[in-house]
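> Need a 3D model of the following:
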Amino acid sequence: MSTATETREEAVALAESVVTARLAAGAQIVGPVISVFWHQGQFGTGEEWQLLLKTRADRYPELEAHLLRHHPWDKPEVVAVPVVAGSADYLRWVEATTEPPSRA
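You can find the predicted model right below:
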């Protein structure tokens, strides 16, 4: 899953919030990256910080909701790409790390 922010600090805050909530096993922050886009009918370019979040498909709805609630933009990019293959140990780590806390 990925999203982007305008500043490094915003990206770090979002990454920390989703990982501590166990909605993502980990996050990578890449940037700044240059974006070229159309927004509100106008062509633009700008620098952004991209977040790459590691989660599992069944946690996507909660992760998306969290990002939309806490993101500084009104309509942020929030997209997911399925993992079609991966090392068994890594995939087990993602599965275990994103297990919701038990509600005892």
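
> Residue 62 and residue 21, how far apart?
Distance, residue 62 to residue 21, by CB to CB, to the nearest Å: 8 Å. C-beta: built from backbone N, CA, C; applies to glycine.

> Repeat that for residue 42.
Computed as CB to CB, the residue 42 to residue 21 distance reads 35 Å.

> Those two - which one has more neighbours?
A direct count of neighbours by other CB atoms under 10 Å for residue 42 and residue 21 places residue 21 higher, at 16 against 7.

> And for the nearest residue to the more buried one once chain neighbours are set aside, the neighbour number?
Nearest residue to residue 21, sequence neighbours excluded (CB to CB, 6 or more residues apart in numbering): residue 66, at 6.5 Å. Neighbour count for residue 66, taken as other CB under 10 Å: 18.

> Show the backbone phi and psi for residue 66.
With angles defined as degrees, to the nearest 10, residue 66 sits at phi -60, psi -50.

> quick one: residue 84 is in a helix?
No. Read with DSSP: H, G, I helix; E, B strand; the rest coil, residue 84 is coil and lies in no helix.

> Count the neighbours of it for me.
Neighbour tally, residue 84, other CB under 10 Å: 5.
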